[in-house]
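Chemist: when you get a sec, could you give me coordinates for this:
(chains A, B, C, D, E and F)
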4 protein chains.
Amino acid sequence: MGRKRAFTEDELLDTAESLIVQHGYSSFHLKLLASHLPGARSTIYQYYANKEEVAAAVMKRAMVRALVKAGSVDEKDPIKALQQLLRVYMEEADLHYFLGDARKVDVAQSKKAAQNVNEVLSMLKHLRGQLDRIFDAAQKQGTIRSDIPVFVLASLFFQLINTPNTLQLPPHEWADYLFALWYEGSGAH
Amino acid sequence: MGRKRAFTEDELLDTAESLIVQHGYSSFHLKLLASHLPGARSTIYQYYANKEEVAAAVMKRAMVRALVKAGSVDEKDPIKALQQLLRVYMEEADLHYFLGDARKVDVAQSKKAAQNVNEVLSMLKHLRGQLDRIFDAAQKQGTIRSDIPVFVLASLFFQLINTPNTLQLPPHEWADYLFALWYEGSGAH
Amino acid sequence: MGRKRAFTEDELLDTAESLIVQHGYSSFHLKLLASHLPGARSTIYQYYANKEEVAAAVMKRAMVRALVKAGSVDEKDPIKALQQLLRVYMEEADLHYFLGDARKVDVAQSKKAAQNVNEVLSMLKHLRGQLDRIFDAAQKQGTIRSDIPVFVLASLFFQLINTPNTLQLPPHEWADYLFALWYEGSGAH
Amino acid sequence: MGRKRAFTEDELLDTAESLIVQHGYSSFHLKLLASHLPGARSTIYQYYANKEEVAAAVMKRAMVRALVKAGSVDEKDPIKALQQLLRVYMEEADLHYFLGDARKVDVAQSKKAAQNVNEVLSMLKHLRGQLDRIFDAAQKQGTIRSDIPVFVLASLFFQLINTPNTLQLPPHEWADYLFALWYEGSGAH
DNA sequence: GATGAATGAGATTTCATTCAT
DNA sequence: AATGAATGAAATCTCATTCAT
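Modeler: Now for the predicted structure:
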């Protein structure tokens, strides 16, 4: 029956993900990772050939999760779509920590890492495309203001995702508050 | 007396600040810093004992700058005060790269770093205090909406500062766009 | 499982001990240690975080050895006990190179080192306690002179242990010579 | 009237001597030395070309002091001479810290250091010669015991110098106690 | 003469990766 | 498959010494 399985690939990726989010990509070490896993450091190499591949796999996995969820959003009504998307992104908040770091991964060492990083970047483009599409639709429909450039509206929308949920409200509730503020403003009506 | 300095303390901190902003705190090394300064790497050690001390000094300096500017904001009219504060913060946008990282600085190695990080955190509290005061006043005045908890309004406001000015608009213009959105919302009226 | 160890922990400590004795604590480096062990310098860091931890471990081990032997000395007859103790200490002559240096170990870097140094110092107190007890008994018995304060007698006795056995006599013989001199004096009777 | 004199050569050597005694030769740094002197580190080079020369000068100075004092000891009565010598050595206790370290000085860098170290070693031989002479005389005179080899007697005598004066008695008093013990023994007569 | 500053060589330490059981 | 151990390359830091004001 062999040796006990030290940790599964998913445990590895979960742990790595939370470490990258906490410490940032460039402070992420396999030594650190191993110290948060049940098995030995060298066991990591059973799954991934090097540090970069681990990071790329983490990023890709998070991206895929977001893509799947975002893909199921109904784009008919742009405003409702944006609200739903905000919920999705809120649930996948880690994504934001990775966006900037994906380009930092030293891809020269490993084909597999390079491949994954590329997929991450193209999924990212895909998500941005969806957002652009919805914003365009909303503008045509006249449901978002037109006196301010769309990209400013979009930038702020994107920024919402990062807003730290300091009081630990349920993600949906938090997302809906922020959406209301984004759409209606903070001023008294 | 003594040789001419290869770089001033301010040049060092300017360079370090821009590197931390570009690469993030966790990718910031003294090797990197040295490569962007005239002179040898070991010269940095004449002034700072390690990366942590440099980073803490950079953060403190930025914080002091912001504190001074924020202190001169007239709080009479809360809404105008918020608009002015947003401009201030926008000019000191680097601040935001540091806020999250200040707690990541490994303070165990160096007393000087620990001291500076503490000052940074207490200045941060001071800024939050100002913000809370203004929000309270605005609420009493009835100029911000009351159907959503104040801390949500404040969180989003705080987040505005982070919104990357991707199109490199002049900071004031950018700040005023964001303020309008924050106050009036992105929806069409 | 795992590769065969390049050296055991005991080999490491033996080597370190002999180097500290030869060169003194302050000349002792991990580079030096590595050059007297098979394998790479970095291997030492698998077991000890720095020179201080190695030194503290060496000192503790020597102290424990001495404590065990000294504990088995029969204290009934104080003079015989002192003679036996001197033999013990002579066999564990390295101890003396450490006693003075234990306080020099820079304990700030490493908890493990601090812990071990503390244990060394408390074992040292224990040994002094035994010595004091025996000297008291001898004085009550009237077998040591009383015209000179006991602590002077004890200090000199303690110093005997340090007396370098320059001619490399067998430790027992050397110990007995010194004991005779300590007890009877160097003068002609 | 020029710049204020930062420190005199004697202040430099005094400070260096106490540091070498405290920390041992191999932990002795010019950085450390400078931090215990009023002036700048580079000023040390006005007096000595390098670290080794400083150390050698410290050792030589201490040796000369001892030699002068020991030279004025009247050797007529060997026993009295030994008692006087013990006082001298007690006053110059630092000597012992240097004896072992003199050979550690890296003499390859500096002729002056090499020269000084050689003088130190030859003065040391001179002192040993005096001691041997006195012991021989005492033995011929029959005032020291002959059942134990002279070198054992001498070793113990030499060791007396190191005996830590824990209770901080005046050096003379301490020396005389130890001499009495060395000569008459610790046993009750 | 005194010194503040610069600097390279070397010491120390960390970590990704490989190896052998 | 899992892992304890080894290791070299690189990062970090210290210090003796030189330089220029």
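Chemist: got a pLDDT number for A:H189?
Modeler: Model confidence at A:H189, expressed as pLDDT, equals 71.
Chemist: pretty sure it sits in a helix.
Modeler: No: A:H189 is assigned coil when assessed by DSSP: H, G, I helix; E, B strand; the rest coil, not a helix.
Chemist: can you tell me which residues contact it?
Modeler: Contact analysis of A:H189 by Cβ atoms under 8 Å, 6 or more residues apart in numbering or on different chains lists B:R145. C-beta: built from backbone N, CA, C; applies to glycine.
Chemist: gap between it and B:T143?
Modeler: Per Cβ to Cβ, to the nearest Å, A:H189 is found 11 Å from B:T143.
Chemist: what is the subsequent helix or strand relative to the particular helix or strand that has A:L121 in it?
Modeler: Per DSSP states H and E: A:L121 is located in helix A:111-141. Using DSSP H and E, the helix or strand that follows helix A:111-141 in sequence is helix A:150-160.
Chemist: enumerate the residues of chain A near DNA strand E.
Modeler: Residues of chain A lying close to DNA strand E (Cβ under 7 Å from any atom of the strand) are A:H29, A:L30, A:K31, A:R41, A:S42, A:Y45, A:A49, A:N50, A:K51, A:E52, A:Q109.
Chemist: among the residues you listed, name the buried ones.
Modeler: Buried members of these, scored by 16 or more other Cβ atoms under 10 Å in any protein chain shown, are A:L30, A:N50, A:K51, A:E52.
Chemist: for the nearest residue to the first one once chain neighbours are set aside, give me its contacts.
Modeler: So that's A:L30. Sequence neighbours aside, A:K51 is the residue nearest to A:L30 in space, at 5.4 Å (criterion: Cβ to Cβ, 6 or more residues apart in numbering or on different chains). Taking Cβ under 8 Å, 6+ apart, we find A:K51 in contact with A:F28, A:H29, A:L30.
Chemist: and A:K51, how far from A:K76?
Modeler: Distance of A:K51 to A:K76, computed by Cβ to Cβ: 44 Å.
Chemist: is A:E9 in contact with A:Y47, as I believe?
Modeler: Yes: counting by Cβ atoms under 8 Å, A:Y47 is a contact partner of A:E9 at 5.4 Å.
Chemist: residue contacts, the spatially most central residue of chain A?
Modeler: For chain A, the residue nearest the mean C-alpha position is A:L95 (1.6 Å; Cα atoms, centre = their mean). By Cβ under 8 Å, 6+ apart, the contact list for A:L95 reads A:A62, A:M63, A:A66, A:Y89, A:I161.
Chemist: out of the residues you listed, who's nearest D:G100?
Modeler: Using Cβ to Cβ, A:A62 is the member of the contacts of A:L95 that lies nearest D:G100, at 63.3 Å.
Chemist: the closest residue to A:L121 other than its chain neighbours: neighbour count?
Modeler: Of all residues not flanking A:L121 in the chain, A:A102 sits nearest, at 6.2 Å (Cβ to Cβ, 6+ apart). By the measure other Cβ atoms under 10 Å in any protein chain shown, the count of residues near A:A102 is 20.
Chemist: wait, doesn't A:A102 sit right on A:S122?
Modeler: No: judged on Cβ under 8 Å, A:A102 makes no contact with A:S122 at a distance of 10.9 Å.
Chemist: so which helix or strand takes in A:V54?
Modeler: Using DSSP H and E, A:V54 maps to helix A:51-71.
Chemist: beyond that helix, next helix or strand please.
Modeler: Using DSSP H and E, the helix or strand that follows helix A:51-71 in sequence is helix A:78-91.
Chemist: what residues are up against the nearest residue to A:R133 once chain neighbours are set aside?
Modeler: Leaving out its chain neighbours, the residue that sits closest to A:R133 by Cβ to Cβ, 6+ apart is A:E75, at 7.0 Å. Each residue near A:E75 by Cβ under 8 Å, 6+ apart is listed here: A:A81, A:Q130, A:R133, A:I134, A:A137.
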